[in-house]
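Chemist: Let me see the structure of the following:
(one chain, ligands or ions: 3)
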Amino acid sequence: MDMDKCEDELQERFRGCMLGAVLGDCLGGPLEFKNGNNSFPFSRLKREFRLYDAWEPERDGVLEFTDDTAMARQLAYSLLETRTHLDPRNLARRFVDEYHREQGRGYGEAVTEVFEKLHKSDCRDPYGPAKEQFKTEGSFGNGAAMRVHPVAMFCHGRSRTELLEMADASARITHSHQLGVRGAQLQAYAVSMALDGVDSKAFLANMLELVESFSEDPKSKHTYRYKFEIMRKALATKNDDLAIALGNGVAALHSVPSAIFSFLRAQSPIEQLRDSSRFVRTVQLAISFGGDTDTIGSMAGAMAGAYYGEVDVPENFLDVCEGVYDAIKQADGLVKLVRENLDSDVSEPIVKRIKIEVQEIEVKPDINPELLKPEPEDIKPDVIKSELKPSASKSKEDVVEPDSALDNDTTDSAIDIKHNIVK
Ligand code: F2R
Ligand code: MG
Ligand code: MG
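Modeler: Residues are numbered from 1 along each chain as shown. Ligands and ions are numbered 1, 2, ... in the order given. Below is the predicted model:
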């Protein structure tokens with residue numbers, strides 16, 4: 001593959017991040033839930049990866065990317081289009097169009113309902129359909145976390161508050177459960193620190209500090225804290241067999257920490273993966289978790305690529321996987337955009353406020369027949385009209401509200417590790 005060389009370290013890291021996410025997705029895709037919820041031995045991973053050393057695209061084709069990359073690309077395109085902020089309606093439309101273009105990318109079972117509802121309503125309220133998911137509980141799937149790395153790139157050089165706000169806004173278009181939103185924020189923060197080259201000790205301390213700050217959201221705080229405690233002990237003892245303890249399922253809680261662990265653990269040598277580069281052993285470790293291998297692989301790949309840069313990504317993978325050229329172009333576009341934004345004095349909200357036009361209410365005869373009677377002469381027409389339906393020009397600000405009070409579940413009662421579900 002022929003491409004321009006990177007001009008500096010930031011471009012290296014941005015390219016590494018976008019490439020890492022695509023490669024993790026493509027390399028993990030063929031193994032997603034192929035061993036049920038069981039992990040894979042490292043020997044299996046080494047065997048799989050040996051195939052890629054001798055890969056010939058004309059003969060072997062390419063490994064296709066899945067929904068993870070399909071959505072991340074649209075998030076990157078949306079930011080490249082709006083340039084100074086995230087526009088939730090633009091992003092929602094992009095997700096919907098992308099889904100309708102290629103429905104076979106392996107989307108989550110429930111998220112497709114969100115796309116259909118967004119489509120039918122022309123994304124009038126980009127957050128509305130997600131709030132209706134799972135009997136209004138919202139999705140806690142990892143779909144918001146798996147696509148969030150472009151947010152970390154866009155927010156490079158900005159405050160953590162802005163990063164978390166944009167990650168939240170990008171997540172809620174499909175995922176309104178706090179555990180799904182928090183998963184996206186944790187992944188965004190992890191990628192952001194990887195882009196900054198933060199060392200593993202400070203990285204883990206910062207992640208824990210962020211989790212502790214979820215004070216108005218005790219369920220997320222307790223359950224994610226529990227995962228980070230497991231991670232900390234495992235890193236200290238170099239225990240690599242954490243699929244059961246950290247999880248490998250489609251819930252954000254059972255996959256974001258696993259990806260973060262893979263990134264941190266693979267910074268040190270792993271005996272059974274000694275032949276692999278740091279980037280490759282991160283992706284191999286992530287995929288070895290089994291279960292949701294494309295997503296854990298992609299999230300870990302985004303962090304590893306951001307941390308080590310494009311230079312650590314073996315060139316042979318670029319011919320194996322779909323979407324790598326676009327990933328590089330998007331990374332180059334984002335690095336340019338970030339520089340322009342940092343150089344300019346423009347200060348505007350990082351997330352566009354959405355005005356939702358209040359729809360005219362259709363008056364059905366069986367609701368209130370009284371209202372359909374001819375107007376008495378002594379009542380002004382305007383009064384009746386305003387009783388029947390709100391003015392079409394009325395609008396309300398859509399303020400992103402935190403979920404209603406969550407119960408004070410403790411760690412043990414809130415998660416069921418064996419079955420990969422959140423109670
Ligand atoms: N969909 C897949 N892979 C196919 C699944 C394989 C299958 N399990 C198998 O055994 O073969 N991969 C892609 O989906 C994941 C991202 O999903 P996303 O975008 O979060 O979607 P969704 O539908 O919102 O959530 C996924 C599932 O999680 C469960 N769930 C979520 N919230 C829930 C809640 N509040 N209550 C109960 N269950 C909830 C549901 O089962 C959802 O369908 C990635 O892996 C991506 O690669
Ligand atoms: Mg996928
Ligand atoms: Mg997946």
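Chemist: How far off centre is the helix or strand hosting H222?
Modeler: H222 is part of helix 218-237 when elements are defined by DSSP states H and E. The chain centre lies 20 Å from the centre of helix 218-237; the measure is C-alpha atoms, centre = their mean, to the nearest Å.
Chemist: Which strands and helices lie in contact with that helix?
Modeler: The elements that helix 218-237 packs onto, with contact taken as 3 or more C-beta pairs under 8 Å, 6 or more residues apart in numbering; DSSP states H and E, are helix 178-195, helix 200-212, helix 243-246, helix 256-265, helix 411-414. Every C-beta, even on glycine, is put in place using the N, C-alpha and C of the backbone.
Chemist: in the first one, what counts as buried?
Modeler: For helix 178-195, the buried set under the neighbour-count rule, 16 or more other C-beta atoms under 10 Å, comprises 178-195.
Chemist: how close does the spatially most central residue of the chain sit to I328?
Modeler: A centroid search over the chain (C-alpha atoms, centre = their mean) returns A145, at 2.5 Å, as the residue closest to the centre. Distance, A145 to I328, using C-beta to C-beta, to the nearest Å: 23 Å.
Chemist: Ok, V191 next?
Modeler: 17 Å.
Chemist: tell me which parts of the chain are close to ligand 1?
Modeler: Selection of the chain residues close to ligand 1 by C-beta under 6 Å from any ligand atom yields 32-33, 66-68, 106-111, 134, 137, 139-143, 146, 177, 250, 292, 294-295.
Chemist: ok, now which ones touch the residue of the chain found nearest ligand 3?
Modeler: Of all residues in the chain, T295 sits closest to ligand 3, at 3.4 Å by C-beta to the ion. Neighbour list for T295: 25, 28, 32, 68, 142, 146, 250, 255, 259 [criterion: C-beta atoms under 8 Å, 6 or more residues apart in numbering].
Chemist: can I get these in CSV with pLDDT, distance to G305 and secondary structure?
Modeler: Shown next, in CSV, are the contacts of T295 (pLDDT from 0 to 100; distance: C-beta to C-beta, whole Å; DSSP: H, G, I helix; E, B strand; the rest coil):
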residue, pLDDT, distance to G305, secondary structure
D25, 98, 12, helix
G28, 98, 14, helix
E32, 98, 20, coil
D68, 98, 14, helix
N142, 98, 18, coil
M146, 98, 14, coil
V250, 98, 23, coil
S255, 98, 18, coil
A259, 98, 12, helix
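Chemist: could those be laid out in TSV, adding neighbour count?
Modeler: Below are the contacts of T295 laid out as TSV (neighbours: other C-beta atoms under 10 Å):
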residue	neighbour count
D25	34
G28	27
E32	21
D68	32
N142	31
M146	34
V250	22
S255	30
A259	33
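Chemist: rewinding a little: list buried members of the residues of the chain next to ligand 1 by neighbour count.
Modeler: The buried subset of the residues of the chain next to ligand 1 (16+ other C-beta under 10 Å) comprises 32, 66-68, 107-108, 111, 139-143, 146, 177, 250, 292, 294-295.
Chemist: Helix or strand: which one has the residue nearest to the centre of the chain?
Modeler: Applying DSSP H and E, one finds A145 in no helix or strand.
Chemist: So for it, what pLDDT did the model give?
Modeler: A145 carries a pLDDT value of 99.
Chemist: Spit out the contact partners of it.
Modeler: Applying C-beta under 8 Å, 6+ apart, the residues contacting A145 are 171, 180, 183-184, 186-187, 252, 255-256, 299.
Chemist: Averaged over its residues, which helix or strand of the protein has the lowest pLDDT?
Modeler: In the chain, no helix or strand scores lower on mean pLDDT, DSSP states H and E than helix 381-388, which sits at a mean of 30.
Chemist: re earlier: can you flag which of the residues of the chain next to ligand 1 belong to helices?
Modeler: With helices taken from DSSP state H, the overlap with the residues of the chain next to ligand 1 comprises 67-68, 111, 134, 294-295.
Chemist: So of those residues, which two are at opposite extremes in space?
Modeler: F134 and D294 (22.6 Å; C-beta to C-beta).
Chemist: Wait, L285 touches I270, no?
Modeler: Yes. Applying C-beta atoms under 8 Å as the test, L285 and I270 come out as touching, 6.7 Å apart.
Chemist: Name the residues contacting each of these two.
Modeler: What both L285 and I270 touch, as defined by C-beta under 8 Å, 6+ apart, is the set D240.
Chemist: Comparing those two, which residue is more hemmed in?
Modeler: L285 (28 against 17; other C-beta atoms under 10 Å).
Chemist: burial count for the closest residue to that one other than its chain neighbours?
Modeler: Closest residue to L285 apart from its sequence neighbours, by C-beta to C-beta, 6 or more residues apart in numbering: S262 at 4.4 Å. The number of residues packed near S262 is 29, by other C-beta under 10 Å.
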